[in-house]
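*Asks:* Take this sequence and fold it.
(2 chains)
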Amino acid sequence: MKNEILVRYAPSPTGIPHIGNIRTAIFDWIYSKSNHGNFILRIEDTDQSRYDPKSETAIYESLEWLGLSWNEIPGKKPDTLKKSYVQSKRKKLYIQIAQELVNSGNAYYDDTTPEELISLRKKQQELGLPPRYDNRGRYRTKEDIDKSKSNGLPIVIRFKVPQNGSIKFTDEIRGKINFNLSEIEDFVILKSDGMPTYHLAHVVDDKDMGITHVFRGEEWISSTPKHLLIHQALNISTPKYIHVPLILGKDKSKLSKRHGAKSVLEYRDQGYLPEALFNYLVLLGWSPGNDEEIMSKSDIIKKFSIEKISESPAVFDQEKLEWMNGIYIRKLSIDKLSKALISYLEKPEIDGCLPDQIKRPINYSQVKSIAPFIQERLKTLKDSTEMLDFFFLADEDIKINKDDYFTKSNQIKDILKSLNEALNIINKIKKFKSDELELLFRTLSKELNIKPGILFTPIRISVTGKKIAPPLFETLEILGRKRCLSRINKAIKLLKE
RNA sequence: GGCCCCAUCGUCCAGCGGUCUAGGACAUCACCCUUUCAAGGUGGAGACACGGGUUCGAGUCCCGUUGGGGCUACCA
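*Replies:* Next up is the predicted model:
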């Protein structure tokens, strides 16, 4: 049986995909999966001046990291090894279609220069008129154009928009939307460098590739009439349009770099799990219709429907993402957590990971022994750096801030007493295990009549260099007797200075 | 400015005419648990933008106002 549903993610390689953009890809992917359709990737690189080769790689990486696998269209060879379709490789097709449109009277050559356009808009604005192209090119003769061409002036092809009547279309989540044609200017479909504009290229490709559903950001609603017009002129059918609500920054404007760099790869590098980002993002603008929030991919695929996509924009909430990431971290097995932690921690110090003086590779079994004690404390993998650097640091590299000892209005002689008792216990204890240690230290706390908190804090600081650290007795055990003794001795010396 | 879209707690969502004295989650506050920090538990505060209709009945339908956003390129 033939697959009916074909959706595409069509980013332009002008920057690293950000959250808003990739959310559309997520919807695309889910929709194709939930309908047993296909999902393809098309690189829309028709703007040569903004093209950035790095971002093309970033697109692949982002998609792969999130697990959004794409297919090729049966019978249509992709343009890259990565199985994506690339518009610049299809240039001839667009030129051919543009010329067809000229031939059929739906488009015309225009030699209006960019400078003329700028001064035209300027004049209009001075007069308080809306800035728009005045369709002057309609009245240029073939001779005019030929002359301009031989003079080396830039020539474009513009679509001839009927200047009366209206055009309407159905957006799958908002219903009917109507526009007056008189408000639409004759727009460029083929640029002077021979490249098509988005308007032409995507219509041609969607038709050529058999795209059935177009998911795109709400910002495209206003230019949809242009796309419809091209469809009409070409006498081809339109796909379904699903304009998804925008993702907004804290200030409620369209999410952009200005809101603090929200590229997908950055989330990866900051220690977020792909499952968490996926889950969070899909909930931004969609819900299953009840209160469920934590859902696996297959859950979501099962429950997804276009009708449940919301029509109002959503503000991106970093804190909720963090919370959700914590949920996903806690769901990981210790083995998986350890591996994720290692691959994160081994990166250079400059990326927020373990200090460079710590030898790589990081030992798996060591991380595995610690992982259970930090698992529920992590919001991101990055948090782990600070939580366990002291496990890997040499004793002499543990930096202690003396002031940390004195926050509870306690006195130095008590602190030294606690530390010396600790030394004593650690020295004498037979089985250096956390439960044994805890037993002895609790007994000591009672004997000395010192509250556990007061007794344990100096030990924690001495051994980890931190006021906040993983559970003390487990920490001691993993560190081992020798290192504990050495660190506490060092701390006593420091305190006596 | 013009055109288009949108409007439930601070934020994300549920609600698709009566079960709404409006439910969940994040954040926030209090308490419990507790060796720090978390995690967890319990509880609190917190919203249907406004005005007209329609209807026996409106958060839910219609219109307007207000507010927010988007578009207005030889960028996508």
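
*Asks:* Quick check: residues of the stretch 201-350 of chain A near RNA strand B?
*Replies:* Within the stretch 201-350 of chain A, the positions near RNA strand B by CB under 7 Å from any atom of the strand are A:202, A:218-223, A:245-246, A:248, A:251-254, A:283-287, A:289-291, A:293, A:308, A:310-315, A:317, A:319-320, A:322-323, A:326-327, A:330. C-beta coordinates here come from the backbone N, C-alpha and C atoms, glycine included.

*Asks:* Counting only helices, which of these make the cut?
*Replies:* Of the positions in those, A:202, A:319-320, A:322-323, A:326-327, A:330 sit in helices, assigned by DSSP state H.

*Asks:* Which ChimeraX command selects the buried ones in those?
*Replies:* Listed next is the ChimeraX selection for buried residues among those, using 16 or more other CB atoms under 10 Å:
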select /A:202,322,326,327
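
*Asks:* thinking again about what came up before, in strands, which of the residues of the stretch 201-350 of chain A next to RNA strand B appear?
*Replies:* The strands, defined by DSSP state E, take in A:248, A:314-315 from these.

*Asks:* List the buried residues of stretch A:156-174.
*Replies:* With burial defined by 16+ other CB under 10 Å, the residues of stretch A:156-174 counted as buried are A:156-161, A:167, A:169, A:171-173.

*Asks:* could you redo those as CSV and give each row distance to A:I26 and pLDDT?
*Replies:* Formatted as CSV, those follow (distance: CB to CB, whole Å; pLDDT from 0 to 100):
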residue, distance to A:I26, pLDDT
A:V156, 36, 97
A:I157, 35, 98
A:R158, 36, 98
A:F159, 32, 98
A:K160, 38, 97
A:V161, 34, 97
A:I167, 30, 96
A:F169, 24, 96
A:D171, 19, 97
A:E172, 17, 96
A:I173, 16, 95
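
*Asks:* Could you restrict these to the ones contacting RNA strand B?
*Replies:* Among the buried residues of stretch A:156-174, the residues within reach of RNA strand B (CB under 7 Å from any atom of the strand) are A:V156.

*Asks:* shouldn't A:I167 be in contact with A:K176?
*Replies:* No. Using CB atoms under 8 Å, A:I167 makes no contact with A:K176, being 11.2 Å away.

*Asks:* so how far is stretch A:263-272 from its chain's centroid?
*Replies:* Centroid separation for stretch A:263-272 versus its chain: 7 Å, with CA atoms, centre = their mean, to the nearest Å.

*Asks:* which parts of that stretch are buried?
*Replies:* The neighbour-count check on stretch A:263-272 (16+ other CB under 10 Å) flags A:263-264, A:267-272 as buried.

*Asks:* before we move on, back to that, and the ones in helices among the residues of the stretch 201-350 of chain A next to RNA strand B, which is closest to A:I415?
*Replies:* If you rank those by distance to A:I415 using CB to CB, A:G326 comes first, at 34.1 Å.

*Asks:* Contacts only, for that closest one.
*Replies:* Taking CB atoms under 8 Å, 6 or more residues apart in numbering, we find A:G326 in contact with A:378-379.

*Asks:* ditto for A:K262
*Replies:* A:18-20, A:255, A:316.

*Asks:* rerun that using 7 Å as the cut-off
*Replies:* Contacts for A:K262 were tallied using CB atoms under 7 Å, 6 or more residues apart in numbering; they are A:18-19, A:255.

*Asks:* RNA strand B versus that one, what's the distance?
*Replies:* Distance of A:K262 to RNA strand B, computed by CB to the nearest atom of the strand, to the nearest Å: 14 Å.

*Asks:* What pLDDT does the model give that residue?
*Replies:* We have a pLDDT of 80 for A:K262.

*Asks:* Kindly report the same for A:G352.
*Replies:* 83.
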